[in-house]
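Peer 1: Output the structure for:
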Amino acid sequence: MRLSLVAAAAIALPLSACEDFSDPAITDSPSIVTDDETATAEPEPFFRGVGQEPGWFLRIYDDVIVYEADYGERRVTARTPELETFEGGRRFENDSITVEILDEPCTDAMSGAGYPAIVTITERGSAPVQGCGGDV
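Peer 2: Presented below is the predicted three-dimensional model:
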């Protein structure tokens with residue numbers, strides 16, 4: 001099937017008008033996601049960590065620590081405690097979890113990716129797990 005020149009112009013005109021639309025109230029909205037952004041319900045953490053066997057992820061935000069353990073099967077969420085600093089590292093500790101960050105290079109055992117810090121997480125009643133991480 002062939003489109004007539006008039007029909008093609010009728011389709012192209014509204015599409016080209018959309019490309020030029022730039023209402024700042026809409027484009028500056030935090031709900032708009034550009035092509036190179038990922039949609040997420042959470043704000044950006046200031047620190048991330050990752051570990052293997054069993055796989056775990058850590059995100060530390062200003063107000064909350066999120067630790068996803070056992071390949072994401074368990075999730076621990078706790079208020080971010082005051083930062084304790086010590087020579088060569090820092091620690092976040094509360095009644096649920098202790099996160100110790102040593103400022104030493106670390107290589108992820110699974111991916112081989114390099115990170116600026118060694119992360120040890122101790123959940124109350126569990127053995128510590130170790131991995132890598134860095135400031136975001």
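Peer 1: who's in contact with Val129?
Peer 2: By CB atoms under 8 Å, 6 or more residues apart in numbering, the contact set of Val129 is Gly51, Pro54, Trp56, Ala69, Thr120, Ile121. (Glycine included, C-beta is placed from N, CA and C.)
Peer 1: ok but the fifth one is inside a helix, no?
Peer 2: Meaning Thr120. No - according to DSSP: H, G, I helix; E, B strand; the rest coil, Thr120 belongs to no helix; its state is strand.
Peer 1: Next up, phi/psi of Glu104, please.
Peer 2: With angles defined as degrees, to the nearest 10, Glu104 sits at phi -140, psi 140.
Peer 1: For the closest residue to it other than its chain neighbours, report the pLDDT, please.
Peer 2: Residue nearest to Glu104 in three dimensions, not counting chain neighbours: Ile118, with 5.3 Å by CB to CB, 6 or more residues apart in numbering. We have a pLDDT of 98 for Ile118.
Peer 1: Look up how far Glu100 lies from Ile118.
Peer 2: Distance of Ile118 to Glu100, given as CB to CB, to the nearest Å: 8 Å.
Peer 1: cool, and Ala78?
Peer 2: Counting by CB to CB, the gap from Ala78 to Glu100 is 15 Å.
Peer 1: more crowded one of these two?
Peer 2: A count of neighbours by other CB atoms under 10 Å puts Glu100 above the other of Ala78 and Glu100, at 19 against 16.
Peer 1: Give me the sheet partners of the strand or helix carrying that one and which way each runs.
Peer 2: Secondary structure from DSSP states H and E places Glu100 in strand 97-102. Strand 97-102 has its sheet partners listed here by DSSP bridges as strand 89-93 (antiparallel), strand 117-123 (antiparallel).
Peer 1: Reformat those strands as CSV; add mean neighbour count.
Peer 2: Converted to CSV, the strands paired with strand 97-102 look like this (neighbours: other CB atoms under 10 Å):
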stretch, mean neighbour count
strand 89-93, 16
strand 117-123, 20
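Peer 1: export the ones you listed to a markdown table and tack on distance to Cys106?
Peer 2: Shown next, in a markdown table, are the strands paired with strand 97-102 (distance: least, CB to CB, whole Å):
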| stretch | distance to Cys106 |
| --- | --- |
| strand 89-93 | 12 |
| strand 117-123 | 5 |
